[in-house]
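Student: for reference, the sequence and a predicted model appear below.
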Amino acid sequence: MGWLENWGPDVSWWDQNRPGNCAMGCLKGGPFLKDTTPYSAINYGFALLGRAPNAAQVGCGTNKPKGPCPVWDGQNIYLAAASKADSVAVSSATNIDQVSSSIIGIADVVRMARMHPAGLKRAKITLGGWSDYARLGTAANGVKAAKLMGKLVAYTFADGVDIDMEHLRPYSGLGDEFGALIAFITQLRAEFDEITKNWVETANARVKALTQQFHQKCGRCALAMRHWYATNINHLKEVAANPAPHLEISWTTRFNAFLPVDNKWNYLMPDSAKPDVPFETDNEGKDFYPQVAHIVDTVNIMAYDEGSINGKPIKLNFATILDNFAKYGNVTRSKINMGFEPGPQAAHGKWEGEEVDEAAAKEIAQKHTGGGVALWAVNPSPSKTSNASRLCPVAGQAMNEIIKPTYAFGKASIFTKCGPDGMWPGMVIESESVIV
């Protein structure tokens, strides 16, 4: 599995040939297909709770780099800062006929994953992330957020939701953050059950809406827009003809979510730097996971961003981390993806290197000590200060060859494979009569 960044050079930010003009970004077909080839599943990131996400923020407070950590407004899920035009991905007013530009963009990613020339890939939507400092705060907010995320999944036809809320313990003193997450996950599973029941009906309703829009708005539109409409309508007809996929709930957490009480540093390598005090998030999985373990399908471990001390890196023992999750968290090993981040990491963390990551992946594959692997990120942006855009594709291909991933959760449905631009193959739209 890999996390897909919805920013950077692989994204088109203005395209008059798509509804919503890609105001919230559209992944370019060619780069997307190339970047995602080694993966069996992708997580689209990020959908946000915060109205003003700030990637530079570290913690809650008034002195930078700390910043505000407001309670979620209870109204909208965002794909960018609320001040940006069309940033609301989904709200109570969103309907199947007039969707947001966020839904257009995410649905295209989901479609291209299903139509991928290398074979069907699952695509989920990640809620949260390291730059989202909004708090759910209450169980009632958890239920509200789940209903909106359910709608976002239903209208994009995504394969589920990845939950990447990384500030649970720090927030727990400000509100009922763990109770809110339990309520969110519980309600989300209920929403997914209803979405599955209505899968065909929803797909057909979206076909009807797009067909009407095409006839109403596309009499003289550019060929590229006609191609987009026809591609999506044709694909949704196949979505309706296939059974609904299993709608997955995954939880993304850090390497220290489950630990032995008497040895909180047991996951460190012998030559690792050792912090003076435990991490605030130690063992936070125990505060909610037992209540929802039966409805969480996948657990992604962020075994990176661990930092360093006086220039000496903190080094993780991947095998011990897997054992901690299984032994102390009672997480089924087949549910676990061990996560790696090639290249520079946050908090001055030092990447352990491709050789070490590949060795960990081989142990997972050979000894069945985990379900698979995950990479941040599928498509990191080129940077003068980071070589991740060069290292991640190498790691992705290597992990593919080691893990040999297959489609998860049942038999893979059959979809038409897209062309190199991500659109319906070989299509030339000459008139409106192509769409009926």
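Tutor: Received the coordinates, thanks.

Student: what are the ranges of the strands in the stretch 101-250 of the chain?
Tutor: 122-128, 160-164, 248-254 (DSSP state E, counting those that start in this stretch).

Student: mind listing the helices in the stretch 251-400 of the chain by residue range?
Tutor: For the stretch 251-400 of the chain, the helices defined by DSSP state H, counting those that start in this stretch occupy 289-292, 318-327, 354-367, 388-403.

Student: now, of these, which is deepest in the fold?
Tutor: With neighbours taken as mean count of other Cβ atoms under 10 Å, the helices of the stretch 251-400 of the chain reach their highest mean count in helix 318-327, at a mean of 20. For glycine as for every other residue, the C-beta is placed from the backbone atoms N, C-alpha and C.

Student: that one to helix 354-367, inter-axis angle?
Tutor: 40 degrees (axes from the mean of the first three to the mean of the last three Cα atoms, to 10 degrees).

Student: packing partners of helix 318-327?
Tutor: strand 298-302, strand 336-340, helix 354-367 (3 or more Cβ pairs under 8 Å, 6 or more residues apart in numbering; DSSP states H and E).

Student: distance to residue 46 and mean pLDDT added to the ones you listed, as CSV?
Tutor: Shown next, in CSV, are those (distance: least, Cβ to Cβ, whole Å; pLDDT from 0 to 100):
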stretch, distance to residue 46, mean pLDDT
strand 298-302, 14, 98
strand 336-340, 16, 97
helix 354-367, 24, 95
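
Student: turn these into TSV, columns for distance to residue 123.
Tutor: What follows is these, written out as TSV (distance: least, Cβ to Cβ, whole Å):
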stretch	distance to residue 123
strand 298-302	14
strand 336-340	15
helix 354-367	22
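
Student: quick one on the thing from earlier: dump the strands of the stretch 101-250 of the chain into TSV; add mean pLDDT and mean neighbour count as well.
Tutor: Output for the strands of the stretch 101-250 of the chain, formatted as TSV (pLDDT from 0 to 100; neighbours: other Cβ atoms under 10 Å):
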stretch	mean pLDDT	mean neighbour count
strand 122-128	98	25
strand 160-164	98	25
strand 248-254	98	22
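
Student: which of the helices of the stretch 251-400 of the chain sits closest to residue 128?
Tutor: Nearest to residue 128 among the helices of the stretch 251-400 of the chain is helix 289-292 (15.8 Å), distances taken as Cβ to Cβ.

Student: the closest one packs against which elements?
Tutor: Checked by 3+ Cβ pairs under 8 Å, 6+ apart, helix 289-292 has helix 177-197 packed alongside it.

Student: contacts for the helix it packs on?
Tutor: The contact list for helix 177-197 (Cβ atoms under 8 Å, 6 or more residues apart in numbering) reads 135-143, 145-147, 149-150, 153-154, 160-161, 163, 165, 168, 171-172, 202, 244, 247, 249, 251, 284, 287-288, 291-292, 295-296.

Student: stretch 359-367 too?
Tutor: Contacts of stretch 359-367 (Cβ under 8 Å, 6+ apart): 318-319, 322, 338, 340, 369-373, 398-399, 402-404.

Student: show me how to select, in ChimeraX, the buried members of the contacts of helix 177-197.
Tutor: Buried members of these can be picked out in ChimeraX with the line below, counting by 16 or more other Cβ atoms under 10 Å:
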select :135,136,137,138,139,141,142,143,145,146,147,149,150,153,154,160,161,163,165,168,171,172,202,244,247,249,251,284,287,288,292,296
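
Student: among the helices and strands packed on helix 318-327, which is nearest residue 26?
Tutor: Closest to residue 26 of the helices and strands packed on helix 318-327 is strand 298-302 (Cβ to Cβ; 25.5 Å).

Student: adjacent strands (with direction) for the closest one?
Tutor: According to DSSP bridges, strand 298-302 forms sheet pairs with strand 248-254 (parallel), strand 336-340 (parallel).

Student: mind saving the C-alpha coords of stretch 71-80 as CSV?
Tutor: Taking Å, rounded to 0.1, in the frame of the first residue of the first chain, the C-alpha atoms of stretch 71-80 are listed here in CSV:
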residue,chain,number,x,y,z
VAL,A,71,-12.6,21.3,17.8
TRP,A,72,-13.9,20.3,14.4
ASP,A,73,-16.7,22.6,13.2
GLY,A,74,-19.1,19.6,12.8
GLN,A,75,-20.1,20.8,9.3
ASN,A,76,-17.7,19.9,6.6
ILE,A,77,-14.9,17.7,5.5
TYR,A,78,-12.3,19.7,3.6
LEU,A,79,-9.6,19.0,1.0
ALA,A,80,-7.8,22.3,1.7
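
Student: show me what counts as buried in that stretch.
Tutor: 71-72, 76-80.

Student: okay, buried residues for stretch 192-205 please.
Tutor: For stretch 192-205, by 16+ other Cβ under 10 Å, it's 192, 195, 199, 202-203, 205.

Student: that stretch: how far from the chain's middle?
Tutor: Centroid displacement of stretch 192-205 relative to its chain, using Cα atoms, centre = their mean, to the nearest Å, is 21 Å.

Student: repeat that for stretch 69-83.
Tutor: In terms of Cα atoms, centre = their mean, the centre of stretch 69-83 is found 18 Å from the chain centre.

Student: start and end of that stretch, how far apart?
Tutor: One end of stretch 69-83 to the other measures 17 Å (Cα to Cα, to the nearest Å).

Student: likewise for stretch 211-231?
Tutor: 11 Å.

Student: before we move on, what about stretch 410-427?
Tutor: Using Cα to Cα, first and last residues of stretch 410-427 are 31 Å apart.

Student: would you mark the buried spots in that stretch?
Tutor: Residues 412, 415, 418-419, 422-424 are the ones in stretch 410-427 that count as buried (16+ other Cβ under 10 Å).
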